[in-house]
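Chemist: Return a 3D structure for these sequence lines:
(2 chains)
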There are 2 protein chains.
Amino acid sequence: MTTISMHAASVPPFAKMLGNMLQWLDAAKAHAESRKFATDVYLTMRLAPDMLPFTKQIQIASDAAKGCVARLAGQEAPRFDDNEATLDDLIERIRKTRDYVLSVPAEAFAGSEDREITIPRRAGDPLKFDGLNYLRHFAQPNFYFHATTTYALLRHAGVPLGKSDYLGG
Amino acid sequence: MTTISMHAASVPPFAKMLGNMLQWLDAAKAHAESRKFATDVYLTMRLAPDMLPFTKQIQIASDAAKGCVARLAGQEAPRFDDNEATLDDLIERIRKTRDYVLSVPAEAFAGSEDREITIPRRAGDPLKFDGLNYLRHFAQPNFYFHATTTYALLRHAGVPLGKSDYLGG
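Modeler: You can find the predicted model right below:
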């Protein structure tokens, strides 16, 4: 049975999708400019009244990626203050997240598939996983949820994006 | 460097999320019943006029999962006719997809990270990947895109779901 590393299964796809998100936000800026509206209007958009707004979708995508990489590598993730107030702030947040995940050396992931991961929850007992289950059943689907919801909000706002922009070049 | 198998990185997360989707569709049935509308109305919902409807989101999620597993394992994926006309048909489609991905033995994935994968496109040259890049940069983000969009459409329709339903128990 040939195999892949936990680093290969996590860091490159997080980094690539974060890069794709930067492209979508550039397209969102251009769209706002051509339609003459302020980019701030994106920040409070929601797909449903009881779903989180655009800003929060990006903050959580960032947290999902950096938290996963840090937990697997046995590091502390950089703390960001969730105080982004403009589209440019969110772009910077994504850039810093990508820089961090790419900065963690592959060697730090050794043994991470068996590492015990504990995720605190607002209510109820914390979630416990081994590293492999944490990556494949929690961190990755959660990250892609918030990336896709960000994309869906931009599509809803009329930003000219398609599936190839979601997947990236 | 310890490692994980390509099977472990692909089949269990596809199977789990497909199972989560079955739970969402059960909730959608119950919601339609309590609000007294036909479940058929879900099938044509779209997040944007130029995004694909609900039925297609589920068909493509199915294709992404079974196509990925088949390509990595060097098998032919089962062909489904994309003729689902009811919510129950879509539930059956998801069930068959899950059964298929779980049926492929882990041994069939040996060497799949280096296997050459070619994805035909309607326009332009086919996409070419090795198996690892195909899984992490194409099949997984694509699958989660369509799962998340299915979820978003149900949330938009008022089905009482939350993030814990998306991630599954």
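Chemist: where do the strands sit along chain A?
Modeler: Assigned strands in chain A, in chain order: A:3-5, A:116-119, A:127-130 (criterion: DSSP state E).
Chemist: mind listing what the first one pairs with, with the direction of each?
Modeler: Right, strand A:3-5. Partner strands and pairing direction for strand A:3-5 (DSSP bridges) are strand B:3-5 (antiparallel).
Chemist: What is the neighbour count of residue A:133?
Modeler: 18 (other Cβ atoms under 10 Å in any protein chain shown). All C-beta atoms are positioned from the backbone trio N, CA, C, and that covers glycine.
Chemist: Next, the contact list for it, please.
Modeler: With contact set as Cβ atoms under 8 Å, 6 or more residues apart in numbering or on different chains, residue A:133 has no partners.
Chemist: Kindly report the same for the one 10 residues further on.
Modeler: With contacts taken as Cβ under 8 Å, 6+ apart, residue A:143 has the following neighbours: A:14, A:17, A:61, A:64, A:65, A:68.
Chemist: so the fourth one makes contact with residue A:146?
Modeler: Right, residue A:64. Yes. At 6.4 Å, residue A:64 counts as touching residue A:146 under the criterion of Cβ atoms under 8 Å.
Chemist: hey, which helix or strand in chain A has the poorest pLDDT?
Modeler: strand A:3-5 (a mean of 88; mean pLDDT, DSSP states H and E).
Chemist: Distance from that strand to the middle of the chain?
Modeler: 23 Å (Cα atoms, centre = their mean, to the nearest Å).
Chemist: which intervals of chain A have sub-threshold pLDDT?
Modeler: Applying pLDDT under 70 to chain A picks out residues A:1-2.
Chemist: Report the central residue of it.
Modeler: Nearest residue to the geometric centre of chain A (Cα atoms, centre = their mean): residue A:61, 2.6 Å.
Chemist: who are the neighbours in contact with that residue?
Modeler: A:18, A:21, A:94, A:143, A:146, A:147, A:150.
Chemist: circling back: and the contacts of residue A:143, which is closest to chain B?
Modeler: residue A:17 (6.2 Å; Cβ to the nearest Cβ).
Chemist: Pull the number of nearby residues for the closest one.
Modeler: Using other Cβ under 10 Å: residue A:17 sits among 27 other residues.
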